[in-house]
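Trainee: Structure, please.
(2 chains)
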Amino acid sequence: MAKKVSEEQMEELFTFTRKHFVEYYDLQTELADHLANAIEESWITYPTLDFAKAKEQEFKKFGIFGFMGIVEQRQAVLTKKYQKLMWGYFKEFFKLPRIILTILFILIVYKILSFNIIAYSLILGAIVLISIYRLVTMWVKHKQKIKQTGKKWLLEEIITRCGGMIMLLNVPAQIFFRLTDVVPNTIVMWLMSIVLVAFALYQYTILYIIPSKAEEHLMATYPEYNLKF
Amino acid sequence: MKNSQLYKGSLNTIIMKLLEENGRMYGYEITQKVKLITAGELNITEGALYPALHKLEAEGLLDVEVEKVDNRLRKYYKLTESGQKETVNRLAELEEFIRNMQNLVTPKQNPDLQF
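Mentor: As a prediction, the model looks like this:
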């Protein structure tokens, strides 16, 4: 009977992938299984070959950068997937029926700005503060979940980090600084209203909509997400 | 991969063709199958295979299934409906490429110039 990789050796392979910078469970599973298959294959020809030696031999086949290239490319692929998701949800605010609400928000903000232009920085400040609070609470929850389950999923991490696009927090502020030199006329105020509403909707999408649907997207991406093993 | 520059552009098509023939396969199985078919001439490196599989999956051309085999989880890839259609297109493209290359490398003699 062909020699098989034992459960303890499988654990060793998982530890090995972690040691070589594979933090995410889905990739660990795939690469550990790959190594196990390759080791079992080499045991057919060399049944006495030591497990550690066989493992190193197979790992060498991944090249000098080991698993790093695979991890990086996986990150790039899933970040792109996240961006696609994000734009999909964001665009909904500019389609019927939601666009009616979006226009209504723009009108309200315009009215507030016509009353006092300082309201721009106040609204902006409020959005930024709420965003930071939400981001921190999401991150704490995420860390707790990893501690509990011992598993890290790349897409979940991207969702928690908002795909790194939280940096866009800076954009409306920059617009404001550029507009301070301009006398606030009707066009400028309409523009400011649109920017504020679009920004608020964007933050709402990445901080509330996507995280609330995270489980659904994680299950669609990772068939093993809910598997008990 | 042997002669990587020449084979690189065809990796996705090779993967899709194999999945079309075999239904569903896992990463290691794909590398072994290619080795077997080409009698060891073509060796798909792991560093190229997995990024290609993940990209095809993200593009919606492949679907994944995870199953417990022996004492571990195994990730299988299979073509989606759009993946099946795309395989037909890509194979046609590849065949055309091979034909053109053959014509360029070994041009047929023009019969008008023969005596």
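
Trainee: buried stuff in the host helix or strand of residue A:10?
Mentor: Secondary-structure element containing residue A:10, defined by DSSP states H and E: helix A:7-19. Of the residues in helix A:7-19, those with enough neighbours to count as buried (16 or more other Cβ atoms under 10 Å in any protein chain shown) are A:9-10, A:12-14, A:16-17. Backbone N, C-alpha and C define where each C-beta goes, glycine included.

Trainee: restrict those to those near chain B?
Mentor: Checked against chain B using Cβ under 8 Å from any Cβ of the partner chain, those yield the following neighbours: residue A:10.

Trainee: Poorly predicted segments of chain B, please.
Mentor: Flagging of chain B using pLDDT under 70 yields the residue ranges B:1-4, B:108-115.

Trainee: circling back: residues making contact with the helix holding residue A:10?
Mentor: Applying Cβ atoms under 8 Å, 6 or more residues apart in numbering or on different chains, the contact partners of helix A:7-19 are A:5, A:27-28, A:31-32, A:35-36, A:51, A:55, A:59, A:67, B:71-72.

Trainee: If you tally nearby residues, what's the number for the nearest residue to residue A:65 once chain neighbours are set aside?
Mentor: Nearest residue to residue A:65, sequence neighbours excluded (Cβ to Cβ, 6 or more residues apart in numbering or on different chains): residue B:47, at 7.4 Å. Using other Cβ atoms under 10 Å in any protein chain shown, residue B:47 has 19 other residues around it.

Trainee: Any chance you could list what contacts the host helix or strand of residue B:47?
Mentor: Assigned by DSSP H and E, residue B:47 belongs to helix B:46-58. Outside of helix B:46-58, the residues that reach it under the criterion Cβ under 8 Å, 6+ apart are A:30-31, A:34, A:61-63, A:65, A:69-70, A:73-74, A:77-78, A:80-81, B:1, B:4, B:8, B:11-12, B:15-16, B:27, B:30-31, B:62-64, B:77, B:83.

Trainee: just how off-centre is the helix holding residue A:10 within its chain?
Mentor: Averaged C-alpha coordinates place helix A:7-19 at 26 Å from its chain's average position (Cα atoms, centre = their mean, to the nearest Å).

Trainee: again, but for stretch A:30-40
Mentor: Per Cα atoms, centre = their mean, the centroid offset for stretch A:30-40 relative to its chain is 28 Å.

Trainee: tell me the contacts of the residue lying closest to residue B:67 once chain neighbours are set aside?
Mentor: Using Cβ to Cβ, 6+ apart and skipping residues adjacent in sequence, the residue nearest residue B:67 is residue B:74, 5.5 Å away. Shown in contact with residue B:74 (Cβ under 8 Å, 6+ apart): A:33, B:26, B:66-68.

Trainee: between these, which is nearest residue B:105?
Mentor: Within the contacts of residue B:74, the smallest distance to residue B:105 is 35.9 Å, found for residue B:26 (Cβ to Cβ).

Trainee: Thank you kindly, that will do.
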